[in-house]
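> Here is my input, please return the structure:
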Amino acid sequence: MERNCKNCADLIYAGKSHCSGCGAKWIENRITMKQVGNDFVDMYIGIDTKFVRTFLDLFRKPEAVILGYMNGRRVNYMDAVRYMLLALFVTGIYMFIMRSSGALDQYLQEFQSGWARQGSHGNDANMMEFQRKTSDVIFDYLGIITLSSIPLLALIGRITFWGKRYFNFTEQIVFYLYTFAQITIATTPISLIILWISPEVFTYWSFMAYPIMFIYNAYCYKKCFQLDLQTTILKSLIAVLVLSVMAILIFFLLIILTIITLLIADKVLGYDLSAFLPQK
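Residues are numbered from 1 along each chain as shown. Predicted coordinates for the structure are as follows:
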């Protein structure tokens with residue numbers, strides 16, 4: 001029996017279970033828990049699912065995933081936004097385990113002990129409390145911080161790879177949605193295992209996250225643009241330079257905004273800021 005697709009209204013011919021226009025599956029009956037479970041298995045758990053293919057091919061042939069999405073070939077792989085949302089879900093589980101298991105407190109104590117052994121004030125209770133509050137803020141808003149960093153990384157990538165043969169700004173965002181999510185999904189289980197084995201080793205591992213992401217991005221750019229090794233290294237050095245300049249500009253911008261905020265609070269709103277000033 002012929003019927004119209006519920007998503008795009010295209011005609012679905014007799015004997016067909018999917019729409020030829022948008023690929024949506026025809027569902028005749030009301031949704032059940034079994035159908036929800038099957039959809040979850042089809043998407044994430046099976047060996048030949050979109051998630052597994054996306055995850056593996058972003059290591060083996062990232063150009064097939066990234067360029068495929070940009071060119072409209074979106075059947076075999078997860079789209080960039082959904083893949084990033086999955087990474088944020090994995091991050092949420094990671095944060096929950098860190099907090100509920102006490103691993104975060106143990107990591108902070110180990111971090112403080114390391115500073116103390118180097119002769120700093122790492123054993124100070126106030127410093128410990130400050131670091132705990134800072135970690136709580138970062139963990140509470142990690143999803144927002146992650147999403148807001150994507151446009152910044154895309155801007156750096158656009159400046160580094162300037163020209164019509166390279167990605168435009170929107171395509172750079174798609175690129176970093178995939179690569180950022182890939183590194184997050186790949187390293188989170190490793191981070192949990194290392195943290196469980198040794199918080200001290202986890203301290204060193206945490207500093208490796210950015211170099212790993214930088215190297216992986218360079219690898220993906222090399223594959224997508226078919227760059228030789230020399231060009232890849234040159235573009236990587238340019239990216240470091242652009243990142244450094246932008247970091248300096250953002251730093252000075254934050255200082256200026258802080259000064260303006262304090263002046264408004266003091267002169268206009270009449271707040272007492274003596275507690276924030278250095279004591280003689």
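> May I have the helix or strand residue 211 falls within exported as CSV, CA atoms only?
Take DSSP states H and E as the rule and residue 211 turns out to sit in helix 209-225. Taking only C-alpha atoms (Å, rounded to 0.1, in the frame of the first residue of the first chain), the coordinates of helix 209-225 have been written out as CSV:
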residue,chain,number,x,y,z
ALA,A,209,45.0,16.3,26.3
TYR,A,210,45.9,19.5,24.3
PRO,A,211,49.0,18.1,22.6
ILE,A,212,47.0,15.0,21.6
MET,A,213,44.2,17.1,20.2
PHE,A,214,46.6,19.3,18.3
ILE,A,215,48.4,16.4,16.7
TYR,A,216,45.1,14.7,15.8
ASN,A,217,43.8,17.9,14.2
ALA,A,218,46.9,18.3,12.2
TYR,A,219,46.5,14.7,11.0
CYS,A,220,42.9,15.3,10.0
TYR,A,221,43.8,18.5,8.1
LYS,A,222,46.6,16.6,6.3
LYS,A,223,44.0,13.9,5.2
CYS,A,224,41.3,16.4,4.3
PHE,A,225,43.5,18.7,2.3
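> which secondary structure elements does that helix contact?
Taking 3 or more Cβ pairs under 8 Å, 6 or more residues apart in numbering; DSSP states H and E as the contact definition, the neighbouring helices and strands of helix 209-225 are helix 62-70, helix 169-197, helix 229-263. For every residue, glycine as well, the C-beta is placed using N, CA and C.
> winner for burial among those?
For the helices and strands packed on helix 209-225, average neighbour numbers computed from mean count of other Cβ atoms under 10 Å are highest in helix 62-70, which has a mean of 20.
> Any chance you could give me it in PDB, C-alpha atoms only?
Taking C-alpha atoms only, helix 62-70 is exported to PDB below (Å, rounded to 0.1, in the frame of the first residue of the first chain):
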ATOM      1  CA  PRO A  62      38.800  11.200   8.700                       C
ATOM      2  CA  GLU A  63      38.400  12.800   5.300                       C
ATOM      3  CA  ALA A  64      35.700  10.300   4.400                       C
ATOM      4  CA  VAL A  65      33.600  11.300   7.400                       C
ATOM      5  CA  ILE A  66      34.300  15.100   7.400                       C
ATOM      6  CA  LEU A  67      34.300  15.700   3.700                       C
ATOM      7  CA  GLY A  68      31.500  13.300   3.300                       C
ATOM      8  CA  TYR A  69      29.300  15.300   5.600                       C
ATOM      9  CA  MET A  70      30.200  18.600   4.000                       C
END
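> ok, then the element right after that helix?
Counting by DSSP H and E, the next helix or strand C-terminal to helix 62-70 is helix 80-100.
> quick one on the thing from earlier: right, so of the helices and strands packed on helix 209-225, which gets closest to residue 152?
Comparison of those against residue 152 by Cβ to Cβ identifies helix 229-263 as nearest, at 7.4 Å.
> I'd like the mean pLDDT over stretch 166-182, please.
pLDDT averaged over stretch 166-182 equals 95, rounded to a whole number.
> What are the contacting residues of that stretch?
55, 58-59, 62, 65-66, 69-70, 80-81, 83-84, 86-87, 146, 149-151, 153-155, 157-158, 161, 213, 216-217, 220, 224-225 (Cβ atoms under 8 Å, 6 or more residues apart in numbering).
> if we go to 7 Å?
If you take Cβ atoms under 7 Å, 6 or more residues apart in numbering as the criterion, stretch 166-182 is touched by 58, 65-66, 69-70, 80-81, 83-84, 86-87, 150-151, 153-154, 157-158, 161, 216-217, 220, 225.
> and if you look at stretch 207-218?
Residues external to stretch 207-218 that are found in contact with it (Cβ under 7 Å, 6+ apart): 179, 183, 187, 232, 236.
> and the gap between the last one and residue 160?
Taken as Cβ to Cβ, to the nearest Å, the spacing of residue 236 relative to residue 160 amounts to 8 Å.
> With the third one instead?
Taking Cβ to Cβ as the criterion, residue 187 is separated from residue 160 by 23 Å.
> One more: the second one?
From residue 183 across to residue 160, the span is 18 Å (Cβ to Cβ).
> so where's the stretch 101-250 of the chain shaky on pLDDT?
Low-confidence regions of the stretch 101-250 of the chain, defined here as pLDDT under 70, cover residues 101-143, 199.
> Swap in 90 and give it another go.
By pLDDT under 90, the low-scoring segments of the stretch 101-250 of the chain are 101-149, 163-165, 188-210, 247, 250.
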